[in-house]
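S.K.: 3D model of this:
(2 chains)
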Amino acid sequence: MLLELPDNASVHATARFARERYGEQLVEIVPGHRTLLLVWPDASVISDISELALERASSEISIDDADQLEPIAIPIRYDGADLDAVAAGLSLSTEAVVKLHSEASYVVAFMGFSPGFPYLIADGPSQLLGQPRLQTPRTEVPAGSVAVAAGYCGIYPRSSPGGWNLLGRTDVALFDPGRERPALLEPGVRVRFEPI
Amino acid sequence: MTRVEVLTPGALTTIQDLGRPGWGHIGVPRSGAADRRALVLANRLVGNADGAAALETTLAGPRLRFDGAATVALSGAPVRARLDGRALGMNEALEVGPGDELKLGNASAGLRSYIAFAGGIDAPLVLGSAATDVLTGLGPAALAPGVVLALGAIAGGGRTARSPAPDPPPPWELPESVVLGVIVGPRSDWFTDASIKRLLSEPFTISQASNRIGIRLDGPVLERARPGELRSEGLVSGALQVPPDGRPILLLADHPTTGGYPVAAVVSSNDLGLAAQLRPGQEVRFRVAEVS
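M.R.: Just a heads-up that it's a prediction; the model follows:
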C-alpha cells in the first residue's frame, strides 16, 4: 500500500500513526519524500483496514511532533573536494557556504541508497541543496562524506560511488548493525551540522 | 556438529534465510531467499523452521564435503545432484555420512536451487538474519573454495528421508514463455496508455545483466507520458521500475528500499518465486493478476 501525502511532515506523522496503530502487523513502514509505503504480511490483513480510513486519520494527526524533538548534531569538517566549486557556482565565498550549510536546520525526509544514508531536506528553500549532481559520478566517495545535490543533503555511511557535491566529512558512525539502533538517523529526525 | 567444506562454490552460492524484514525505513533491504517458497520447502523437508539458513545456488551448483552425519534436501530449480555416487532427487530428504561429497550440476530449468541441512547453517546473524545481501554487503560473503560451514543444532532438525513433504512440490515445467501476474500501478500514469498496453501484451527477454537485486528486461520500451522526476518513494519486491531508458527492471530480494524511477506495475507476490527462477535469455510476459 503506497499512500500519497501532501508533504514530508505528513509522511512522518502518518508513519508514526501507522506504527502506533498497526505496528506489529506491518512488515515495513517506509517513508518516501511524499509517500508512505506500508507492507502487510498478506492481503487478508488489509481487508479491514481501508486506505481511506488511514488517510483520513492521518489528516487529523498533528504534524508538529517532530518539531519538539531535539535535533541530532553532526560534527563536520568542511574540507570537501567540491566545496570551492559549489561556492563559485553560487558566487559565494567558501566561508559563506559553510555558514549557509551549518546554520540551516534539516529533517531526514527518507532513507535509502545504502543502509543508514539519510536524505536531508532543509527547513526553508535552499539554493545550496539545489546543486546539480556531478557530470561524472565519483567511483569512490569516502565514508562520512557530507554532500548536496538535487534538493537534498546526504551523508555517506560507508565508502561508495556517488555523484553528489562533497562539502565535508564527519567521523560519526551512521550505521552499525551491531547497535540496538543500527542507524544514527531515522526518517523524521531533525539534524544540524556543527563545524569542527 | 557436522561441518561442510566448500570444494567448489558454483557460479554464485550464498547463505539465505527469510531475510531482514522491518528495516526498510533505514535503507536495509529485506534480502533473504529470492524464491522464498523453495527455501521454505527445502527447510520443511529436513524438519527445520521455515526461515533456517540454507544455501541458494545460481545456475551452477557447488561441490560440498561433509565431515559428519547430516540430512539434506534440495528444492527450487531442478538440478542433477550426486551424493557420494547416489542420485539425490529434488524435494526429498537424504541422509549424509562422514566423508560424503554432494555435487550439484547445472539447473536444467530455472535458476536458483536451495540446499537445506537439518539444523540449518550456523552463520552469524546481522540484524537477525544470515542472508547475504549483494546490494549492501550485509551478511556473509558468497561461498568460496575452502570455506567451512558449521551446521546448526536447531531443535526439530533431522527428520528422515521418509518424512513426507508438507506441501506438494511446485510444478517444474517452465513454459517457453513464462507469464507473471501483475497489479498495474502505482505509477502507471507516468507512462503512455500504449506503453502500458505493450507491457501487458508483448514479450520481454531476461537480460544477462540480472542478479538478486533485479532482473533487467529487454523488449518494448515504455514511454513516459509526462516529463520530470518522481520524488523517491518506497519500493517492494516484484516492482517493475522503469529508468529513463524505458527498459523495466523487475526488483528482487536485494532491491534498494527507496528509489525515484516510477513503478509501472508490481508482480503479484504469488508469482515472485517464479520471477526469481527466470534465466537470462528466457522470455516473460505480464498479465493483470486475478484478484483472489
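
S.K.: which bits of the stretch 101-250 of chain B sit near chain A?
M.R.: B:126-127, B:136, B:138, B:186, B:231-236 (C-beta under 8 Å from any C-beta of the partner chain). For every residue, glycine as well, the C-beta is placed using N, CA and C.

S.K.: From the residues you listed, which land in strands?
M.R.: Among those, the members found in strands (DSSP state E) are B:233-234.

S.K.: what about the helices in chain A?
M.R.: Taking DSSP state H to define them, one finds helices in chain A at A:8-22, A:43-46, A:51-60, A:83-89, A:94-103.

S.K.: Comparing those by mean pLDDT, which bottoms out?
M.R.: Lowest mean pLDDT within the helices of chain A: helix A:43-46, a mean of 57.

S.K.: in the chain, which helix or strand is least confident?
M.R.: Just so you know, I chose chain A. helix A:43-46 (a mean of 57; mean pLDDT, DSSP states H and E).

S.K.: actually it's chain B I care about, not the one you picked
M.R.: That would be, for chain B by mean pLDDT, DSSP H and E, strand B:86-87 at a mean of 86.

S.K.: how about B:Ala18, what does it touch?
M.R.: No Ala there; residue B:18 is Leu. B:32-33, B:36, B:39-40, B:50-51, B:129, B:131 (C-beta atoms under 8 Å, 6 or more residues apart in numbering or on different chains).

S.K.: related to what we said a few turns ago, include neighbour count when you put the residues of the stretch 101-250 of chain B next to chain A into a markdown table, please.
M.R.: Output for those, formatted as a markdown table (neighbours: other C-beta atoms under 10 Å in any protein chain shown):
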| residue | neighbour count |
| --- | --- |
| B:Val126 | 21 |
| B:Leu127 | 20 |
| B:Thr136 | 25 |
| B:Leu138 | 21 |
| B:Pro186 | 21 |
| B:Arg231 | 16 |
| B:Ser232 | 25 |
| B:Glu233 | 27 |
| B:Gly234 | 26 |
| B:Leu235 | 25 |
| B:Val236 | 23 |
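
S.K.: Can you tell me which of the residues of the stretch 101-250 of chain B next to chain A is nearest A:Ser114?
M.R.: B:Thr136 (6.4 Å; C-beta to C-beta).

S.K.: what sits against that closest one?
M.R.: B:Thr136 touches A:114-115, B:28-29, B:254, counting by C-beta under 8 Å, 6+ apart.

S.K.: quick one: which of those is nearest B:Gly105?
M.R.: Of the contacts of B:Thr136, the one sitting nearest to B:Gly105 (C-beta to C-beta) turns out to be B:Asp254, at 25.6 Å.

S.K.: Next one: that closest one from B:Ala34, what distance?
M.R.: 8 Å (C-beta to C-beta, to the nearest Å).

S.K.: which residues are in contact with both of those two?
M.R.: B:Arg212.

S.K.: Return the residues in contact with A:Tyr156.
M.R.: A:114, A:117, A:141-145, A:147, A:162.

S.K.: From the residues you listed, list the buried ones, please.
M.R.: Buried by 16 or more other C-beta atoms under 10 Å in any protein chain shown: A:114, A:117, A:141, A:143-145, A:147, A:162, out of these.

S.K.: can you tell me which of those are up against chain B?
M.R.: Okay, of the buried ones among the contacts of A:Tyr156 touching chain B (C-beta under 8 Å from any C-beta), that's A:114, A:117.

S.K.: quick revisit: right, and the helix or strand after the least confident helix or strand of chain B?
M.R.: strand B:93-96 (DSSP states H and E).

S.K.: could you pull out the strands for the stretch 151-292 of chain B?
M.R.: B:177-184, B:204-206, B:214-218, B:233-234, B:239-241, B:249-251, B:258-259, B:263-267, B:283-288 (DSSP state E, counting those that start in this stretch).

S.K.: quick one: terminal-to-terminal distance for stretch B:220-231?
M.R.: Taking C-alpha to C-alpha, to the nearest Å, stretch B:220-231 runs 25 Å from one end to the other.

S.K.: is it possible to export the contacts of B:Thr136 to JSON lines including distance to B:Leu64 and pLDDT?
M.R.: Listed next are the contacts of B:Thr136 as JSON lines, based on distance: C-beta to C-beta, whole Å; pLDDT from 0 to 100:
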{"residue": "A:Ser114", "distance to B:Leu64": "33", "pLDDT": "94"}
{"residue": "A:Pro115", "distance to B:Leu64": "31", "pLDDT": "97"}
{"residue": "B:Val28", "distance to B:Leu64": "30", "pLDDT": "98"}
{"residue": "B:Pro29", "distance to B:Leu64": "27", "pLDDT": "98"}
{"residue": "B:Asp254", "distance to B:Leu64": "24", "pLDDT": "97"}
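
S.K.: circling back to that earlier point, quick one: the residues of the stretch 101-250 of chain B next to chain A as a markdown table, columns for pLDDT and distance to B:Ile206 too.
M.R.: Output for these, formatted as a markdown table (pLDDT from 0 to 100; distance: C-beta to C-beta, whole Å):
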| residue | pLDDT | distance to B:Ile206 |
| --- | --- | --- |
| B:Val126 | 97 | 30 |
| B:Leu127 | 97 | 30 |
| B:Thr136 | 96 | 24 |
| B:Leu138 | 97 | 26 |
| B:Pro186 | 95 | 24 |
| B:Arg231 | 93 | 30 |
| B:Ser232 | 95 | 26 |
| B:Glu233 | 96 | 26 |
| B:Gly234 | 97 | 25 |
| B:Leu235 | 97 | 20 |
| B:Val236 | 96 | 20 |
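
S.K.: Could you report the neighbour count for the residue lying closest to B:Val267 once chain neighbours are set aside?
M.R.: Among residues not flanking B:Val267 along the chain, B:Gly238 sits closest, at 3.6 Å (C-beta to C-beta, 6 or more residues apart in numbering or on different chains). Per other C-beta atoms under 10 Å in any protein chain shown, the neighbour tally for B:Gly238 reads 24.

S.K.: Next up, the contacts around B:Gly238.
M.R.: By C-beta under 8 Å, 6+ apart, the neighbours of B:Gly238 are B:250-251, B:266-269, B:271-272, B:275.

S.K.: cool, and A:Gly89?
M.R.: A:Gln131.

S.K.: again, only using 10 Å
M.R.: Contact analysis of A:Gly89 by C-beta atoms under 10 Å, 6 or more residues apart in numbering or on different chains lists A:82, A:97, A:127-128, A:131-132, A:165.

S.K.: Closest one to chain B out of those residues, please.
M.R.: A:Pro132 (12.3 Å; C-beta to the nearest C-beta).

S.K.: Distance of that closest one relative to A:Arg34?
M.R.: Relative to A:Arg34, and taking C-beta to C-beta, A:Pro132 is found at 22 Å.

S.K.: okay, those two: which has more neighbours?
M.R.: For A:Pro132 versus A:Arg34, the count of surrounding residues by other C-beta under 10 Å is larger for A:Arg34: 19 against 11.
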